[in-house]
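Novice: the sequence and its predicted three-dimensional model are supplied below.
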Amino acid sequence: AEEDEDEDEDSRLIVGCKVRVTEDYKQHGEAKDGPLAPGDVGKLVQDDRSSMPYLVETQKMKTFWYRSKAVEAVPVEKVDVGARVLRGPNWTSGEQDR
């Protein structure tokens, strides 16, 4: 049986999200041969819903197909409301914050 056949629809990664390899990625298909190494962040560019559904693109523009259990979404960092921020040199909206 293919390892991804029973994957819950709610747990699928979304095309466009940032991903990284899981701690046990070497145990899932050919993931150990892929260009994504622990600590690297890639982008999910395609989901063909096969047994190796996720096409991931690295920051060096290399692509590789991964099984769903070999990659996971990178948590999105959240900024607390009211956090102090510094406007960069390219800010073009004057004192407008919204």
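Specialist: That came through fine.

Novice: quick one: secondary structure of A83?
Specialist: coil (DSSP: H, G, I helix; E, B strand; the rest coil).

Novice: give the contact list for the most centrally placed residue in the chain.
Specialist: Centroid check for the chain by Cα atoms, centre = their mean gives V19 as the closest residue, at 1.8 Å. Contacts for V19 (Cβ atoms under 8 Å, 6 or more residues apart in numbering) come out as L13, L36, V41, G42, K43, L44, Y54, V56, V71, E72, A73, V74. For glycine as for every other residue, the C-beta is placed from the backbone atoms N, C-alpha and C.

Novice: again, but for Y66
Specialist: Applying Cβ under 8 Å, 6+ apart, the residues near Y66 are V21, Y25, H28, G29, A31, G34, L36, M52, Y54, L55, V56.

Novice: next, give phi and psi for it.
Specialist: As for Y66, its main-chain torsions (degrees, to the nearest 10) stand at phi -120, psi 150.

Novice: what's in contact with the top strand by length along the chain?
Specialist: Across the chain, the longest stretch assigned as strand under DSSP state E is strand 42-47. Around strand 42-47, the neighbours that count as contacts under Cβ under 8 Å, 6+ apart are 12-20, 36, 53-59, 63, 71.
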